[in-house]
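Undergrad: this one's structure only:
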């Protein structure tokens, strides 16, 4: 028996471990995925694994655009990994086999472009996080000054960015008379399909105006809403899961029982029957997207910044404090829900109750620090869009603006005990410069951060109601700390 999870080890796994219900030797690649992280492996790859028993033509070639870590973990395992679904009731283990091959784009650029250009590839999916689209989060437009975009426009056949890879592959398909693949983004972007279409079209226009017209007219980019909480895998997870398997798994993924995928059904070259695995196909994703971005992600970010500052390591730890539960429940009920416009039959009350229970799940060790990453990219869609809607209707923004203030306090890089915070953000150096220049002054810090147009745009810094509330909250966070600020919070 192998000492590592791989195809040869499958037959000897314990009976309690679910394994692929199809012959992996008969699988053919139909999907190329860019950004093979934990979320993709706990979400889209699982839905695909579910349907491959009846249709094996949708195997996944998964590419990392940066780090070789996932390749190093999964390629020796024939792409196999364990999905651990954890709840208070226990843990269920399942080996996922839908990923056929893992490659590292920077060292296998030609192989990736060849796979994306292959006529059998009919869908390219993405989970590259908000920053991977090289766009301006405040406007949704391509950031033409982004270093990767500047590089890819100069060397289009040797791309670094997701837009660069996609447009070069589409160019090759067009030149060969191969129909374009569908581009399916699964990241938390507002109107994510339309945003990625805008980014790709503009990039293609800069390469060649005719190619730009082709991308605009011929390439389908359905919008999606994805939902599943996936904490970072720990060494303890690896040890526990390996003990059950009887073999080592270098990179299992741990997640919760809840999963949701809502997709616009626009796939000209065909698609897997993901609905058989529970995906929902709809004409318009936007209401569901707003529901998830504003209720789940907005609450998650608020919890992450305030919880971290209050000294809580995980979301479940934070939600063990009843003051935080009250804040988040009221945030969802009183400030977010009035901005949502759901189709008939959507049960927001049940969704919000489920969110509270999911956040409280002690089996998921979802670190507040992990959720706090890349806040400059997340804030516009998670909190600022809701704030704009509330301001336009003259409605209160007390809890929403507290979340923004907590982000500002967090990105100073110094916690409430004077210790260092490792702020991971593509704008980290710029944020650090603002914080250093502001000193421990709420007004100076807020003024410097409001000036970052890519985050706040031009409108919010000019709105005294918004800026005044954020500065007041920030001053309280400096004076009283996050825990006391939350416990004594009163809506204005």
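TA: Structure received. Computed from a prediction, not measured in an experiment: that's the story for all the values here.

Undergrad: Give me the domain ranges for the chain.
TA: Domain assignment of the chain by automatic domain parsing yields the ranges 7-282, 286-487.

Undergrad: Just the terminal-to-terminal distance for the shortest one.
TA: With C-alpha to C-alpha, to the nearest Å as the measure, the ends of domain 286-487 fall 34 Å from one another.

Undergrad: List the buried residues in stretch 88-108.
TA: 93-105, 108 (16 or more other C-beta atoms under 10 Å). Every C-beta, even on glycine, is put in place using the N, C-alpha and C of the backbone.

Undergrad: just checking, residue 75 touches residue 102?
TA: Yes - taking contacts as C-beta atoms under 8 Å, residue 75 lies within contact range of residue 102: 5.1 Å.

Undergrad: Which parts of this protein are strands?
TA: Under the criterion DSSP state E, the chain carries strands at the ranges 29-34, 59-64, 81-87, 90-96, 99-104, 123-126, 182-185, 224-227, 253-255, 260-264, 280-282.

Undergrad: Tell me what angle the fourth one forms with strand 81-87.
TA: Orientation of strand 90-96 against strand 81-87 (axes from the mean of the first three to the mean of the last three C-alpha atoms, to 10 degrees) gives an angle of 160 degrees.

Undergrad: Counting by contacts, list what strand 90-96 packs against.
TA: helix 44-51, strand 81-87, helix 235-245 (3 or more C-beta pairs under 8 Å, 6 or more residues apart in numbering; DSSP states H and E).

Undergrad: Kindly recompute the last result at 7 Å.
TA: Identification of packing neighbours for strand 90-96 by 3 or more C-beta pairs under 7 Å, 6 or more residues apart in numbering; DSSP states H and E yields helix 44-51, strand 81-87.

Undergrad: Format those as TSV; extra columns: distance to residue 153.
TA: What follows is the helices and strands packed on strand 90-96, written out as TSV (distance: least, C-beta to C-beta, whole Å):
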stretch	distance to residue 153
helix 44-51	29
strand 81-87	36
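
Undergrad: Just tell me which of the ones you listed ends up closest to residue 32.
TA: Evaluated with C-beta to C-beta, the helices and strands packed on strand 90-96 place helix 44-51 nearest to residue 32, the distance being 12.1 Å.

Undergrad: which of the residues in the closest one are buried?
TA: Buried residues in helix 44-51 (16+ other C-beta under 10 Å): 44-51.

Undergrad: before we move on, back to that, dump the strands of the chain into a markdown table; add distance to residue 116 as well.
TA: Below are the strands of the chain laid out as a markdown table (distance: least, C-beta to C-beta, whole Å):
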| stretch | distance to residue 116 |
| --- | --- |
| strand 29-34 | 5 |
| strand 59-64 | 9 |
| strand 81-87 | 23 |
| strand 90-96 | 22 |
| strand 99-104 | 11 |
| strand 123-126 | 6 |
| strand 182-185 | 10 |
| strand 224-227 | 19 |
| strand 253-255 | 25 |
| strand 260-264 | 20 |
| strand 280-282 | 24 |
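
Undergrad: May I see those strands organised as CSV, with distance to residue 472 and mean pLDDT added?
TA: What follows is the strands of the chain, written out as CSV (distance: least, C-beta to C-beta, whole Å; pLDDT from 0 to 100):
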stretch, distance to residue 472, mean pLDDT
strand 29-34, 42, 98
strand 59-64, 43, 98
strand 81-87, 40, 97
strand 90-96, 45, 97
strand 99-104, 48, 97
strand 123-126, 39, 98
strand 182-185, 37, 98
strand 224-227, 33, 96
strand 253-255, 38, 97
strand 260-264, 36, 96
strand 280-282, 41, 95
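
Undergrad: What ranges does the stretch 301-450 of the chain have for its helices?
TA: For the stretch 301-450 of the chain, the helices defined by DSSP state H, counting those that start in this stretch cover 315-319, 322-330, 348-360, 368-371, 375-379, 385-392, 398-410, 428-438, 442-450.

Undergrad: Kindly calculate the angle that the third one makes with strand 81-87.
TA: So the one you mean is helix 348-360. Counting by the same axes, to 10 degrees, helix 348-360 lies at 110 degrees to strand 81-87.

Undergrad: How about residues contacting helix 348-360?
TA: By C-beta atoms under 7 Å, 6 or more residues apart in numbering, the residues outside helix 348-360 that reach it are 229, 256, 258, 291, 295-296, 299, 303, 315-316, 319, 325, 329, 332, 337, 340, 342.

Undergrad: got the angle between it and strand 260-264?
TA: Relative orientation of helix 348-360 and strand 260-264, computed by the same axes, to 10 degrees: 130 degrees.

Undergrad: hang on, residue 319 packs against residue 326?
TA: No - the criterion here is C-beta atoms under 7 Å, and residue 319 misses it with residue 326 at 10.6 Å.

Undergrad: Which residue of these two possesses the greater neighbour count?
TA: residue 319 (21 against 13; other C-beta atoms under 10 Å).

Undergrad: Quick one: residues contacting that one.
TA: Going by C-beta under 7 Å, 6+ apart, residue 319 touches 325, 359-360.

Undergrad: of those residues, buried ones?
TA: Listed as buried from the contacts of residue 319 are 325, 359; burial here means 16+ other C-beta under 10 Å.

Undergrad: TSV for the contacts of residue 319, including distance to residue 120 and pLDDT?
TA: Below are these laid out as TSV (distance: C-beta to C-beta, whole Å; pLDDT from 0 to 100):
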residue	distance to residue 120	pLDDT
325	49	98
359	41	97
360	44	96
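
Undergrad: Thanks a lot, catch you later.
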